[in-house]
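# sequence? don't have it. structure:
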C-alpha cells in the first residue's frame with residue numbers, strides 16, 4: 001500500500017494535475033470574437049484617439065450626467081485602475097455634443113484620485129454616436145439619452161470581444177458588461193480583459209520562438 005501511494009504521488013497525481021491545468025489554460029486562452037470590423041472612433045473625431053492597435057473599453061455615457069457619472073466611476077474603480085498601466089489599454093467614453101461643461105466637472109473630480117491619461121472622452125453628435133454604436137452589432141440599443149448600460153471590449157484589430165457561453169444570459173452570448181453592476185465588472189469584464197492579455201503574451205512568446213528558429 002505504501003508503494004502504491006508513492007507511485008501515485010510521483011506519477012499519477014502530476015498527470016491528473018497537468019490534464020486539469022491544460023484544460024484550464026485552453027479555456028482561459030480563448031475569448032470569442034463576436035463582431036468583426038467595428039468602426040474606428042478616429043473616423044468621427046479629430047482627437048488623437050483610435051481603437052486600432054489598442055485594447056479599448058468603450059462606453060456610451062449619454063447626456064444624463066447622473067447616470068453617466070455613476071457608470072464612469074464604476075468603470076474607473078473596477079477596471080481602469082486595474083489595467084491602466086498595461087500596454088495598449090485605454091477606456092474611450094463616447095459623450096454627446098453639448099455635455100462638455102457637465103462632464104468636465106466629473107472628469108476633473110475623477111482626476112483628483114486617478115491618473116486619467118488613458119481615459120479618452122470623445123464628444124460626437126447624435127448621428128455619429130448611433131453609427132458607431134451600431135457597428136458593434138449587438139442586440140442592444142441606446143436609450144433616448146444616448147446611453148448604454150454596458151461597456152464593450154474592442155481589441156486591436158477592431159473586433160468586439162465577449163463570451164459565447166455565459167451561464168447568466170439566455171443564448172450564452174455576452175456582448176457587453178453592465179456598468180451598473182460591480183459584480184459583473186469585477187467577475188467578468190476584469191477576467192475577460194486578463195484573457196486577452198494572456199493571448200497577447202502567448203502570441204509574443206510564439207513570435208520570439210519563430211524568430212530564434214529563423
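Cool, got the structure. This is a predicted model, so every value here is computed, not measured.
# any idea of the mean pLDDT for stretch 143-158?
Mean pLDDT, stretch 143-158: 98.
# Quick one: distance of it to the chain centre.
10 Å (C-alpha atoms, centre = their mean, to the nearest Å).
# Repeat that for stretch 142-155.
Distance of stretch 142-155 from the chain centroid (C-alpha atoms, centre = their mean) equals 13 Å.
# Any idea how far apart the tips of that stretch sit?
21 Å (C-alpha to C-alpha, to the nearest Å).
# residues of that stretch that come out buried?
142, 145-155 (16 or more other C-beta atoms under 10 Å). C-betas here are computed from N, CA, C, even on glycine.
# Quick check: of these, which lies closest to residue 39?
residue 154 (9.8 Å; C-beta to C-beta).
# Work out for me the element the residue most central in space within the chain sits within.
Against the mean C-alpha coordinate of the chain, by C-alpha atoms, centre = their mean, the closest residue is residue 153 at 3.4 Å. Take DSSP states H and E as the rule and residue 153 turns out to sit in strand 147-154.
# Which neighbours in the sheet does that strand have, and how are they oriented?
The strands that strand 147-154 pairs with in its sheet are strand 55-61 (antiparallel), strand 160-161 (antiparallel), strand 177-178 (antiparallel) (by DSSP bridges).
# Among the ones you listed, which comes closest to residue 31?
Taking the strands paired with strand 147-154 one by one with C-beta to C-beta, strand 160-161 is closest: 5.1 Å.
# Contacts for the closest one, please.
Strand 160-161 has contacts (C-beta atoms under 8 Å, 6 or more residues apart in numbering) with 31-35, 38, 136-138, 152-155, 175, 192, 196.
# sorry, back to before: quick check, nearest of the buried residues of stretch 142-155 to residue 181?
Nearest member of the buried residues of stretch 142-155 to residue 181, counting by C-beta to C-beta, is residue 149, at 8.8 Å.
# wait, isn't residue 143 in contact with residue 61?
No - Residue 143 is beyond contact range of residue 61, at 11.4 Å (criterion: C-beta atoms under 8 Å).
# Can you pull out the residues in contact with the strand or helix carrying residue 94?
Element membership for residue 94, per DSSP H and E: strand 89-96. With C-beta under 8 Å, 6+ apart as the test, strand 89-96 has contacts from 41, 49, 51, 54-63, 68, 72, 75-76, 79-80, 83, 103, 118-126, 129, 132-133, 146, 193.
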